[in-house]
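> Okay, sequence plus prediction incoming.
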Amino acid sequence: MRLIGCLYRLLMPLSALLFLTGWGFGDLTLMFVGVAALYVANLAFAIERIDKRFLFLYFHLALFLFLLSRPTIALLRGRSIQYVSVTYPAAVFTLTALFITLLLLLIGMVFVEYLLARLESRRAGQGGRVGWWSGGLLRLRAGGRTDVRPYAGTRDASRSSGIVAFLDNPKLPTIRFVSGLLFLLSFAGTMYFGYLQIQAMGGLDYVYFYLTEQSADAPLVVRTLATIEPYALCAYLATLPRKHPATGALILHVLTTGPSLIIGARGGFVLAILFAILYYAYREFTDGRGVWIGKLEKTLLVVGIPAGIIVMGLQDYLRTHTQTATSSSVIDSLLNALYQQGTTYGVLGRGYQAQERIAQLGDKLYTFGDLLNYLEYGPLGSLFFSGDSLPGYNSVIQATQGNTYSHALSYFMHPDYLAGHGYGSSYLLEAYQDFGMVGIVVFSGGLGTLLGFLPWWFTRSWLPATISLTISTLVFHVPRGAAMEWINFIWTPQFWVAIVLICCGAALLRTKAFMGLAGLSGLSGPAGPSGLSGLSGPAGPAGPSGLVHRNKGETYGTLDGNRDLRRLARNDQKADRSHPAYRRPLRWLGTRAGSA
């Protein structure tokens, strides 16, 4: 790791020198080499402490796939940067925007690590100071030594103060049970909604998916359940269930994208697969290395990712009815598939060209486009402003009156926009359209801060973990999607309806009246449901005894009242501090961390 640390420290000033030299002499190739060097430096920075920078690495993989793959492959094939660029000025803008965002992502990540290190050092009472570039970039300096890492993201540093306290919450089993039930219900609703979509398409070309209102004929209950499904999934996974139930939930989530994949819209399927991989990474660095990502998972990643890229590239040829390129090897097929995914690089140039034409539509804030559309044309807009709702498909009204940048850009630049085609968007374009280069600087720095903050926030409690996971389901798409796409769910009522339903259901399960009605007087016990991933489970040789008081051998289910339950739970936690399993994140289940 020391070699990796030296690598990114060497590449960072070298990348700046190369980029500025290329910019000064008007050499696009040299400018791109500078961008590529900075990208490699960011990768090395992420790998050096991957336990807390894995989300930073995850986002950079998306940057390469959508923004850097096409010019990289063009250079490998002996072509120039100008070949994959719209015009020379557009190419200069694109490369400048890429260099700025890579640099500010790194600065934002360093900044949040510095803040979190100071926070953890104060909580630990070390009284030291935090250095910026000492060894592993951030270490606590106490008495002139750099031997303490307060924010390490490992079992020794964060688990005792974060995960253990998180999982010691006696409300967590009921939250897991209710969120799991809500997820299963919403899964059924999502699958039925997908069936209705397939019926509505009736075998038509996939472009008609963007020319019709897909949810118009679906019942309100079905549409609501389909919207709630990802929120219920994240709420369930935020309770840190065991590996097998969590894997089953992730597989069901992937299945919900099957109908749209059949139609030809592959984005949801790809994001579902990537979120499953990311959740495994979350748990791998939370529960301990080797628990969630073993030899089988690593083999699947090595084989599945290239194969998946090739299959998605072939589907792109099939759905556009173009003939596949003849490839002599698997590597050629992989490069062709990556080249097809890198269209957003060219979209940046088209957005630069269309800036003035889009500005003529009026004063709009495309960075907050979804929020403005919701306030102006959503239920609140219809209620208070008597405004008509925007169509959800490609149309002149959507492009000119709405606040969605992708529709406005495609309306001006894509000749077949009204036929269902489009270019998409990017956080770089939306920030630039609204605020210029300053917008790219501020938004990229904030995004880097977010990527460093989410893994830490994931270990705080259930609701922060739910929000962190929900953001993580969308952050991979930001390089080719809306700037605030990752946070749009916060102001939607469906998300908060899901949270309220889960909290109310969990509170109901813990009430004395409900437990009496169900013939129970506690959260679990021999009479409680077993196999529901945490509401009860094997706690010892006696079998499914649920939450057991080890000192006296009595279950909490025999106690009268939630107050006594919580009091004895706290006493039992104190008594368990000498137990060897105390440091395991699923100690309160009576099972080993990550066991199935």
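Alright, I've got the coordinates.

> residues near Ala16, how many?
15 (other Cβ atoms under 10 Å). To be clear about C-beta, it is placed using only N, CA and C from the backbone, and glycine gets the same treatment.

> Quick check: Val442 touching Gly436?
No: using Cβ atoms under 8 Å, Val442 makes no contact with Gly436, being 10.4 Å away.

> The two: which is more packed in?
The neighbour comparison of Val442 against Gly436 (other Cβ under 10 Å) goes to Val442, with 14 against 11.

> Give me the local confidence score for the more buried one.
Listed pLDDT for Val442 reads 96.

> What helix or strand is the residue nearest to the spatial centre of the chain located in?
For the chain, the residue sitting closest to the mean C-alpha position, by Cα atoms, centre = their mean, is Ser472 at 1.4 Å. Here Ser472, judged by DSSP states H and E, is contained in helix 462-475.

> Convert that helix to CSV, retaining C-alpha atoms only.
Extracted C-alpha coordinates of helix 462-475, given in CSV (Å, rounded to 0.1, in the frame of the first residue of the first chain):
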residue,chain,number,x,y,z
TRP,A,462,-31.2,2.3,10.7
LEU,A,463,-32.6,5.5,9.0
PRO,A,464,-29.2,6.9,8.0
ALA,A,465,-28.3,3.4,6.6
THR,A,466,-31.6,3.3,4.7
ILE,A,467,-30.9,6.7,3.1
SER,A,468,-27.3,5.8,2.4
LEU,A,469,-28.3,2.6,0.5
THR,A,470,-31.0,4.4,-1.4
ILE,A,471,-28.6,7.0,-2.6
SER,A,472,-26.1,4.2,-3.5
THR,A,473,-28.7,2.6,-5.8
LEU,A,474,-28.6,5.7,-8.0
VAL,A,475,-25.1,7.3,-7.6
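
> And the next helix-or-strand element following it, what's buried?
Counting by DSSP H and E, the element after helix 462-475 in chain order, helix or strand, is helix 493-510. Within helix 493-510, the residues that qualify as buried are Gln494, Phe495, Ala498, Ile499, Leu501, Ile502, Cys503, Gly505, Ala506, Leu509, Arg510, counting by 16 or more other Cβ atoms under 10 Å.

> what does stretch 461-474 give?
Neighbour-count burial for stretch 461-474, counted by 16+ other Cβ under 10 Å, picks out Trp462, Pro464, Ala465, Thr466, Ile467, Ser468, Leu469, Thr470, Ile471, Ser472, Thr473, Leu474.

> Quickly note the distance from the fifth one to Tyr427.
Meaning Ile467. From Ile467 over to Tyr427 the distance is 19 Å, taken as Cβ to Cβ, to the nearest Å.

> could you pull out the helices for the stretch 151-300 of the chain?
In the stretch 151-300 of the chain, the helices defined using DSSP state H, counting those that start in this stretch lie at 164-167, 172-201, 220-237, 243-255, 258-263, 267-287, 295-319.

> what pLDDT does Trp456 get?
90.

> now do Asp332
Note on Asp332: pLDDT of 80.

> what's the helix or strand for it?
Using DSSP H and E, Asp332 falls in helix 330-341.

> could you say what helices and strands that helix packs with?
helix 69-76, helix 295-319 (3 or more Cβ pairs under 8 Å, 6 or more residues apart in numbering; DSSP states H and E).

> Would you reformat these as CSV and include mean pLDDT?
Compiled in CSV, those are given as follows (pLDDT from 0 to 100):
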stretch, mean pLDDT
helix 69-76, 93
helix 295-319, 76
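
> Ranking these by mean neighbour count, which comes first?
Across these, averaging neighbours per residue (mean count of other Cβ atoms under 10 Å) puts helix 69-76 on top, at a mean of 20.

> Tell me which residues are up against that one.
29, 32, 36, 64, 80-81, 83-84, 335, 338-339, 341-343, 345-346 (Cβ atoms under 8 Å, 6 or more residues apart in numbering).

> Same question for stretch 304-314.
Arg266, Val270, Ile273, Thr324, Val330, Ser333, Leu334, Asn336, Ala337, Leu338, Gln340, Gln341.

> repeat that for 6 Å
For stretch 304-314, contacts defined as Cβ atoms under 6 Å, 6 or more residues apart in numbering pick out Arg266, Ser333, Leu334, Asn336, Ala337, Gln340.
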